[in-house]
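# below is the sequence, then the predicted model.
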Amino acid sequence: MTELRRNLDVEELVRLDTAHHMHPFTDYKSLAAEGGSRIITRAEGVYLYDGHNNRILDGMAGLWCVNVGYGREELAEVAYRQMKELPYYNTFFKTAHAPSIELAAKVAEKLPANFNRVFFANSGSEANDTNVRMVHHYWQCAGKPEKRFIIGRENAYHGSTVAGAALGGMSPMHKQGGKLIPTIHHVMQPYWYKLGGEMTPAEFGLHAAKSLEDRILELGPENVAAFIGEPIQGAGGVIIPPETYWPEINRICKQYDILLIADEVICGFGRTGKWFGLETFGIEPDLITMAKGLSSGYMPIAATGVSDRVADMITANGGEFFHGYTYSGHPVACAVALKNIEIIESEGLVEKAATETGPHLAKRLAEFNDHPLVGETRCVGLIGAIELTKNKETRERFEPAGKVGTMCRDHFFKRNAIMRACGDAMVLSPPLVISTEEIDALMSVARECLDATARDLGIM
Ligand code: PXG
């Protein structure tokens, strides 16, 4: 039997990692030059431990996903039991198993009333690929195959597969692949701090939504199939839209008969203090992307929530839907996700984010508003950001974008705490189990890091 090689020394792991392991979103030359990766060995609650036994406060819940925190015995036990009972069987060809069925029913119960069906995938990217396939299938079934264009937003993140990258609006990703899917277009993001100019946030929300309407009219509504958006743009820098934005997007999608896809990969499962971001912002979608918090990252699993409108149409008129993944509805992943949802329910983690930890985080973040480096802080539930600026009055941005954010991020790194830099927004999205004391600990590190960055820039 091959033993898991847990006892390799850290230097050896770093050497093997650099030699053999190509990481996602990584500059390989500079990773090697900087001495390789930090090796994470274990985790508990909101803390990670590295190969040198440093305890690291994880303000990002991994990659916005470990909602129930690390070290959950219940999830490990469920996985173990499911692996012994039925480690795998597919859900193609008229077969199913209890975990996939129970999870589908449970997720449907959590979604809005007009959502009763769920299609499983293994990652948020894949679920968004499913959305693209589903949207085209829907319009063919509806007898309107000319509805082909899908509209996303600049600076959005919808994944890293070909469709995910094309739906997203990350220009560095587009530059590496060209225009990956010519039928996908992008409109303005609702990022008031950067783009709002002299407008009030409420005015700007309508202005950003209008960019969707303008594009629809340009392309011809009869040619537009769908619009996709994250309730809050996560990887783009926790862009919380003005209140006027989503109701106007609902109106536009309805008026021009365009399917609305809410990408809830980050916002879903409690992040914004409701089960889904669509409840927080009043979004009325036709398809919903879920991943991350669905299993709190304990197993790779994702899902597309399919509204009755879409499901009924493709059921009635679609014949076979030629789409699916070997691991769609994987029994172990489904069993773990189901238990994860039960934990979120039984521990009241959504309510806690709404009424206790979320407001506390917002209050603590707001204390940075008078810091010389801070343009604004923003927070909904347990997702927030500190926007760094060159000039608080004019909202001037640093050039090149991201340099100061990275400096600040490195200060967190040195202090064994994790907040991410998305451009020059320092973002956080801690496990929903974080306590107010742990939030305070993270905020005192954040204060030190903001001060240290200001000193680096000679403004403090
Ligand atoms: N949609 C959204 C809104 C996401 O945030 C995906 C889809 C894709 O999910 P998968 O499981 O295929 O990665 C995501 C993922 C970052 C970062 O740097 C964010 C994500 C992934 C990796 C890095 O903030 N979000």
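Nice, I can see it.

# and stretch 363-381, average pLDDT?
Stretch 363-381 comes out with an average pLDDT of 98.

# chain center to that stretch: distance?
Centroid separation for stretch 363-381 versus its chain: 22 Å, with Cα atoms, centre = their mean, to the nearest Å.

# stretch 429-436 now?
Taking mean C-alpha positions (Cα atoms, centre = their mean), stretch 429-436 and its chain are 16 Å apart.

# contacts for that stretch, please.
If you take Cβ atoms under 8 Å, 6 or more residues apart in numbering as the criterion, stretch 429-436 is touched by 45-46, 58-61, 64, 66-70, 234, 238, 266, 270-271, 344, 347, 349-350, 352-353, 356-357, 360, 382-384, 438-439, 442. Bear in mind the C-beta positions are built from the backbone N, C-alpha and C, glycine included.

# what are the buried residues along that stretch?
Within stretch 429-436, the residues that qualify as buried are S429, P430, P431, L432, V433, I434, counting by 16 or more other Cβ atoms under 10 Å.

# can you list these in CSV and add secondary structure?
Below are these laid out as CSV (DSSP: H, G, I helix; E, B strand; the rest coil):
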residue, secondary structure
S429, coil
P430, coil
P431, coil
L432, coil
V433, coil
I434, coil
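
# one step back: mark which of the contacts of stretch 429-436 are part of strands, please.
D58, I383, G384 (DSSP state E).

# touching, T453 and R409? I think so.
No - using Cβ atoms under 8 Å, T453 is not in contact with R409; the gap is 9.3 Å.

# and the strands in the stretch 51-200 of the chain, which stretches?
For the stretch 51-200 of the chain, applying DSSP state E, counting those that start in this stretch gives strands covering 55-58, 115-121, 149-153, 184-187.

# list the residues that contact the residue nearest the centre of the chain.
By Cα atoms, centre = their mean, the chain has its centre lying nearest to I266, at 2.9 Å. With contacts defined as Cβ under 8 Å, 6+ apart, the neighbours of I266 are W64, E230, I232, G234, A235, K292, G293, I383, S429.

# with distance to the ligand added, can I get these in CSV?
Shown next, in CSV, are the contacts of I266 (distance: Cβ to the nearest ligand atom, whole Å):
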residue, distance to the ligand
W64, 6
E230, 4
I232, 9
G234, 5
A235, 3
K292, 7
G293, 11
I383, 11
S429, 9
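
# one step back: ok, so of the buried residues of stretch 429-436, who is nearest the ligand?
S429 (8.7 Å; Cβ to the nearest ligand atom).

# quick check, the residue in this protein closest to the ligand?
Closest point on the chain to the ligand, by Cβ to the nearest ligand atom, is G124, at 2.3 Å.

# what's the neighbour count on that residue?
28 (other Cβ atoms under 10 Å).

# which residues does it contact?
G124 sits next to H158, G159, G164, D263, V265, T289, M290, A291, K292, A302 when contact means Cβ under 8 Å, 6+ apart.

# and if we set it to 10 Å?
Listed by Cβ atoms under 10 Å, 6 or more residues apart in numbering, the contact set of G124 reads 65, 157-161, 164, 263-266, 268, 289-292, 294, 300, 302-303.

# any idea how far the nearest residue to R38 once chain neighbours are set aside lies from G62?
Nearest residue to R38, sequence neighbours excluded (Cβ to Cβ, 6 or more residues apart in numbering): D50, at 5.5 Å. Per Cβ to Cβ, to the nearest Å, D50 is found 14 Å from G62.

# over to L48?
Distance check for L48 against G62: by Cβ to Cβ, it reads 9 Å.

# touching both of the two, which residues are there?
Common contacts of L48 and G62, defined by Cβ under 10 Å, 6+ apart, comprise I40, Y70, I418.
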